[in-house]
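Student: Following is a predicted model, sequence given first.
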Amino acid sequence: MHIRSNSPVAVQGAAIPIPGEAGSFEDTALGIRQSDSAELSVASAQAEETALIQSAVVAAHRFPRDEDRVGRRLHAACERPSFAQEAEWSFPRGGETVRGPSIYFAREALRIWGNTRSGIAVVRDDKSSRKIRAWVLDLEDNNYISREAEFAKLIQRRRKGGQTQWVTPDERDLRELTNRLGAIELRNAILSILPSYLVDEAIERCQTTVRKAASSNVEAARDRILGSFAKINVSRQDLEQYLGHAWETTSADELAELRGVGKSIIDGNSTWAEYVRSRTAVPSVGPSPGSGEVADGASPAAPSTGSLKSPFAKPVDAGPSPVADDDEPGPLDG
């Protein structure tokens, strides 16, 4: 992982040559000679991208963002329950539950922030591992942030009887693994670009929206959460043990917490057993969602050939599923 702040042209580091691009052929006295035009194609693509960025920089300075307007628009988004419910992730660590903005929140916040460019690219790919880079460029501030992750091409597959083993993924699973890890790094880069006050205020508003939505009809919310956990083989009795009281007395705040727990399990960031253990573990001092301290965003999907830690401004969600079931659970309802 690295963070870099350069000129807009520095984003060209994310451009990846494509092996095996079509070349040209020339007839000679000795036969047909192939002239590989890959270098020219890459140079042409880089020149085109540079021109696009330069024109975008001009437009960004001509129409600069209004941070007050950005705040109002983001707060309006956070007042929608459908958005607020997906805005955070949670993860058990050291006897406590760590929370932070999700990739879903980060992408919407970046869109509203405006005058930026972002992307994810594969920078190295071999038989056993892959290296990816996510980047964000603020066209107004000339601030370029990039994050990298390297991972082994393995996933953990659950077999009958509950046992798991590491297997080589097929094309679909590898694409999903790449997208999930890319989302982690992109989210981290986005949260390094956005002002912390903007993120903190928006997350607080999302939490308020979720609590209000649960309070409006607690009984219906309990039923939805109960049904969602049943899909991941967590029973009502399990939830009562976790909460320490009867299910009928579950509060709106507890329902909001359980929603984050269920989302984290379904996304593959954690397991129910980890949350149960976190209730009895000794709490450790760790970064808070708005502290700007370094934290890990999710469990790695497979043994890493390099570090899969994801340092970032705030803890965030979304990670590759460490265990793939034969029957994958659906989205968390409610």
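Tutor: Sure, I can see it.
Student: Which parts of the stretch 151-300 of the chain are helices?
Tutor: Per DSSP state H, counting those that start in this stretch, the stretch 151-300 of the chain carries helices over the ranges 171-193, 196-216, 218-230, 236-243, 252-266, 272-280.
Student: which parts of the second one are buried?
Tutor: Within helix 196-216, the residues that qualify as buried by neighbour count (16 or more other Cβ atoms under 10 Å) are 198-203, 205-207, 209-211, 213-214. From N, CA and C alone the C-beta is placed, and that goes for glycine too.
Student: picking up where we left off before, among the helices of the stretch 151-300 of the chain, which is nearest S55?
Tutor: Across the helices of the stretch 151-300 of the chain, S55 has its closest neighbour in helix 171-193 (20.5 Å, Cβ to Cβ).
Student: Find the nearest non-adjacent residue to D173, please.
Tutor: Once flanking residues are discounted, D173 sits nearest to I155: 5.6 Å by Cβ to Cβ, 6 or more residues apart in numbering.
Student: what residue ranges in the protein score low on pLDDT?
Tutor: Residue ranges of the chain with pLDDT under 70: 1-39, 162, 268, 280-334.
Student: quick one: buried residues of the longest helix along the chain?
Tutor: Looking across the chain with DSSP state H, the single longest helix is helix 38-62. Buried positions in helix 38-62, judged by neighbour count with 16+ other Cβ under 10 Å: 42, 49, 53, 56-57, 60.
Student: same check, this time on stretch 251-269
Tutor: 252, 254-269.
Student: mind saving the C-alpha coords of that stretch as PDB?
Tutor: Provided in PDB are the C-alpha atoms of stretch 251-269 (Å, rounded to 0.1, in the frame of the first residue of the first chain):
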ATOM      1  CA  SER A 251     -34.700  -2.000  21.300                       C
ATOM      2  CA  ALA A 252     -34.400   0.000  18.200                       C
ATOM      3  CA  ASP A 253     -30.700   0.700  18.900                       C
ATOM      4  CA  GLU A 254     -30.000  -3.100  19.300                       C
ATOM      5  CA  LEU A 255     -31.800  -3.800  16.000                       C
ATOM      6  CA  ALA A 256     -29.600  -1.200  14.300                       C
ATOM      7  CA  GLU A 257     -26.600  -3.000  15.700                       C
ATOM      8  CA  LEU A 258     -27.800  -6.400  14.600                       C
ATOM      9  CA  ARG A 259     -28.400  -5.100  11.100                       C
ATOM     10  CA  GLY A 260     -24.700  -4.100  10.900                       C
ATOM     11  CA  VAL A 261     -23.700  -7.500  12.300                       C
ATOM     12  CA  GLY A 262     -25.800  -9.400   9.800                       C
ATOM     13  CA  LYS A 263     -24.500  -7.300   6.900                       C
ATOM     14  CA  SER A 264     -20.900  -7.900   8.000                       C
ATOM     15  CA  ILE A 265     -21.500 -11.700   8.100                       C
ATOM     16  CA  ILE A 266     -23.200 -11.800   4.700                       C
ATOM     17  CA  ASP A 267     -20.400  -9.700   3.100                       C
ATOM     18  CA  GLY A 268     -17.900 -12.200   4.400                       C
ATOM     19  CA  ASN A 269     -16.100  -9.800   6.800                       C
END
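Student: So what's the gap between that stretch and the chain middle?
Tutor: A distance of 17 Å separates the centroid of the chain from that of stretch 251-269, by Cα atoms, centre = their mean, to the nearest Å.
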